[in-house]
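# predicted model follows, preceded by the sequence.
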Protein chains: 2
Amino acid sequence: MILQNDLILRAARGEKTERTPVWLMRQAGRVLPEYREVRAKMGGFIELVKTPEFAAEVTIQPVDILGVDAAIIFSDILVIPEAMGLPYTMVEARGPWFEKTVKTEADINKLRIADGENDLSYVCDAIRLTKTALAGRVPLIGFAGAPWTLLAYMVEGSGSKTFSRAKKFLYTEPRLAHMLLEKITESTIHYLKAQVKAGADMLQIFDSWAGILSPAQYREFALPYIADICNALHGVVPITVFAKDAFFVREDLGKLKCNTIGLDWTMDVAESRALIGNEKTLQGNADPCLLYADFDTIKSETEKMLRAFGPSKHIANLGHGLYPDLEKEKVKFFVDTIKQFRF
Amino acid sequence: MILQNDLILRAARGEKTERTPVWLMRQAGRVLPEYREVRAKMGGFIELVKTPEFAAEVTIQPVDILGVDAAIIFSDILVIPEAMGLPYTMVEARGPWFEKTVKTEADINKLRIADGENDLSYVCDAIRLTKTALAGRVPLIGFAGAPWTLLAYMVEGSGSKTFSRAKKFLYTEPRLAHMLLEKITESTIHYLKAQVKAGADMLQIFDSWAGILSPAQYREFALPYIADICNALHGVVPITVFAKDAFFVREDLGKLKCNTIGLDWTMDVAESRALIGNEKTLQGNADPCLLYADFDTIKSETEKMLRAFGPSKHIANLGHGLYPDLEKEKVKFFVDTIKQFRF
């Protein structure tokens, strides 16, 4: 099917675009009353992720309502640990919680390598349904968590300010950490290939907890596995790597076989461009809290951001996911400001 | 009283020292069984902070037990909001919680400018008791939270992953934010001057939530108030500024009228030195999680850190506070490794 709007794919490939394309992390769900309405009738978060019809519906909502230039499949990074044999629950207002965690070599040996097509067929089904319903209006983004971030949850067992148990594992059991990271990486490659086969036009790897590792640990335990994933998917569809808070490896990220590097709002655009080089497309990086401001401030700060990135090799986005209490009107105004801007 | 060990003061002033001095953020409390024993007999955290005899006792414990080159007064950064009229409680396993928060101009007008000597006499008393009991063995560090970090708690009302309410306040009420920051800054200057008068040999400003602001917001709402504090205390005792995660303002921090800049473990030492310049002493920056590792790893990584900083203008420390579950033996080994190392 020919895409009617392929701005994001062209921007990711470094081609000229008529205007800067835009999508928003966490655009599916959370901030939209339309999502909360559908969700209120259904079960918990994980059940929703596992219901392809629901996932497809809320994936498309922001395309209709906010007018973004891409859809991103409604899912969760923790579907991989679950498919590998570590189920989790989502505790209201506290986040994910794993009953079993990884502590020993035996724990790692018990984990399966996830097979994308079978173990995660519900995501592939959701992608297929979404593609059909989108009917080529905009590209669909697939995604996965980066191996270090997934290890962090699988060892820690929950969210954490410091992830000190997960980091302790890296310091005390480096051999086991690499074993686990390899299994996660292999599972993730299967999973992302299955997403592409089902119809994903683009992929993003989220390293949400990148910023709590030292540069040396990031280079040992995180970066090589992201590189493996990029190498395995290179040339298939455009890939974006978003290593939140990992300002210290921007030069290294510039060398990955991926198309786009995500920036959070603490990263200066010109400095990041200098560190990453001119090859890559950059994505980001407005502070999500900017969308609490009045319309005039949103407009002027957004235009300032667009000018900082320049007219090409930029995919506009926030520097992190939307916060649940942001107003739909403000979010839409941010999107509209970007779509109306011309250099 | 003449100090028997003034290594830290000399290092802060950029003078040559026989070896690199060391202390640890959160060394008073938490990690020491001796602290937990005394604490178990007493009340809650805030009551302990307000009991000068207790505060003095646990302030001195790490000097005796760990052999660090400085004591830091056992206290809390939130004593300033409380002295200004916003009391808080410490909720077990969740952190601080404020019943009243700042929302309006009237809320700000109701706040007092804290007078260090009177409103915070319990801290001054604890400093005096500690100084007497230390009898010149090592210097005593006083401290305060940076104005932005204190505003963050006063508006948010509790800890938070995103401090989105506090950041929203900056975006929606910039004039009120500056009003509040000025009152906090004035209170903090009074408070730090009172700490010095009571006997503090050195001061540290903790900007714990520096890293969640954009560079532009940090330069507008955080840095100028830290500069005001540094200017007011300049030349009195050495001052350290620790802006956690604020990698993006290292050049600006280098221009403050302070002696020492704290680095967290994500900040490369050579890069930080290049950005900050050669005038300042640097403090830090081991990953607290390194102290979970085996003794050999702690030794080799600690020596690597010492070599990265070089033989002068360095105060060894962690890049953040000690975590509660670290073993005393490992913590002491880290300190001993630094004390035994010679260039």
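Everything's here; your move.
# tell me the residues of chain A that contact chain B?
A:161-162, A:164, A:167-168, A:170-172, A:211-215, A:217, A:245, A:247-248, A:265-268, A:287-290, A:292-294, A:297, A:323, A:325 (C-beta under 8 Å from any C-beta of the partner chain). In this view, the C-beta of every residue, glycine as well, is placed from N, C-alpha and C.
# centre-most residue in chain A?
A:Phe206 (4.2 Å; C-alpha atoms, centre = their mean).
# measure it to chain B for me?
The spacing between A:Phe206 and chain B, counted by C-beta to the nearest C-beta, to the nearest Å, is 16 Å.
# now do the same contact list for that residue.
A:77, A:143-146, A:149, A:242, A:244 (C-beta atoms under 8 Å, 6 or more residues apart in numbering or on different chains).
# what ranges do the helices span in the stretch 101-250 of chain A?
A:105-110, A:116-119, A:121-134, A:147-156, A:164-172, A:174-198, A:215-217, A:223-233, A:250-253 (DSSP state H, counting those that start in this stretch).
# most tightly packed of the ones you listed?
Of all those, helix A:147-156 has the most neighbours on average by mean count of other C-beta atoms under 10 Å in any protein chain shown, namely a mean of 27.
# tell me the mean pLDDT for it?
For helix A:147-156, mean pLDDT is 98.
# stretch A:248-268 too?
98.
# count the residues that sit near the residue of the stretch 1-150 of chain A found nearest chain B.
Here the stretch 1-150 of chain A gets closest to chain B at one residue, A:Gly95, 9.4 Å apart by C-beta to the nearest C-beta. Using other C-beta atoms under 10 Å in any protein chain shown, A:Gly95 has 14 neighbouring residues.
# ok now do the residue lying closest to it once chain neighbours are set aside, which residues does it touch?
Nearest residue to A:Gly95 in three dimensions, chain neighbours excluded: A:Gly159, at 4.1 Å (C-beta to C-beta, 6 or more residues apart in numbering or on different chains). Counting by C-beta under 8 Å, 6+ apart, A:Gly159 makes contact with A:94-96, A:153.
# what does A:Val22 give?
So A:Val22 contacts A:68-69, A:315-317, A:335, A:338-339 (C-beta under 8 Å, 6+ apart).
# what of A:Met1?
So A:Met1 contacts A:131, A:135-136 (C-beta under 8 Å, 6+ apart).
# next, format the residues you listed as CSV and append pLDDT and distance to A:Glu279.
Formatted as CSV, the contacts of A:Met1 follow (pLDDT from 0 to 100; distance: C-beta to C-beta, whole Å):
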residue, pLDDT, distance to A:Glu279
A:Lys131, 98, 29
A:Ala135, 97, 33
A:Gly136, 97, 29
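# out of those, which comes closest to B:Arg112?
Checking the contacts of A:Met1 against B:Arg112 by C-beta to C-beta gives A:Lys131 as the nearest, at 61.4 Å.
# so which strand or helix has A:Pro96?
A:Pro96 belongs to strand A:95-98 when assigned by DSSP states H and E.
# again, but for A:Met267
Counting by DSSP H and E, A:Met267 is part of no helix or strand.
# setting the sequence-adjacent residues aside, check what's closest to it.
A:Phe247 (5.6 Å).
# can you check A:Arg137 too?
Leaving aside its chain neighbours, A:Arg137 sits nearest to A:Gln4 (5.6 Å; criterion: C-beta to C-beta, 6+ apart).
# likewise for A:Leu140?
Excluding its sequence neighbours, the residue lying closest to A:Leu140 (C-beta to C-beta, 6+ apart) is A:Ala71, at 4.9 Å.
# my guess is the one you found contacts A:Val138. True?
Yes - with contact defined as C-beta atoms under 8 Å, A:Ala71 reaches A:Val138; the gap is 5.9 Å.
# ok so, going back, which two from the contacts of A:Gly159 end up farthest apart in space?
A:Arg94 and A:Tyr153 (13.3 Å).
# spell out the residue ranges of the strands in chain A.
Using DSSP state E, the strands found in chain A span residues A:71-72, A:88-91, A:95-98, A:140-145, A:202-207, A:239-243, A:260-262, A:281-286, A:314-318.
# could you spell out the sheet neighbours of the second one, each with its direction?
Okay, so that is strand A:88-91. Under the criterion DSSP bridges, strand A:88-91 sits next to strand A:95-98 (antiparallel) in its sheet.
# quick one: mean pLDDT over the strand it pairs with.
95.
# what comes up buried for that strand?
A:96, A:98 (16 or more other C-beta atoms under 10 Å in any protein chain shown).
# buried residues in stretch A:289-297, which are they?
Neighbour-count burial for stretch A:289-297 [16+ other C-beta under 10 Å]: A:289-293.
# for the stretch 151-300 of chain A, give me the ranges with low pLDDT.
Scanning the stretch 151-300 of chain A for pLDDT under 70 picks out nothing.
# quick revisit: just the buried members of the contacts of A:Val22?
Buried among the contacts of A:Val22 (16+ other C-beta under 10 Å): A:68-69, A:315-317, A:335, A:338-339.
# returning to what we had before: so how far is A:Asp69 from the residue nearest to A:Arg137?
A:Gln4 sits 11 Å away from A:Asp69, going by C-beta to C-beta, to the nearest Å.
# kindly report the same for A:Trp97.
35 Å.
# over to A:Leu322?
According to C-beta to C-beta, A:Leu322 stands 16 Å off from A:Asp69.
# one more: A:Leu180?
To A:Asp69, A:Leu180 is 36 Å away according to C-beta to C-beta.
# with A:Thr337 instead?
For A:Thr337, the distance to A:Asp69 (C-beta to C-beta) stands at 14 Å.
# again, but for A:Thr130
Counting by C-beta to C-beta, the separation of A:Thr130 from A:Asp69 is 15 Å.
# now do A:Arg39
A:Arg39 sits 25 Å away from A:Asp69, going by C-beta to C-beta.
# what do you get for A:Met179?
Taken as C-beta to C-beta, the span from A:Met179 to A:Asp69 is 40 Å.
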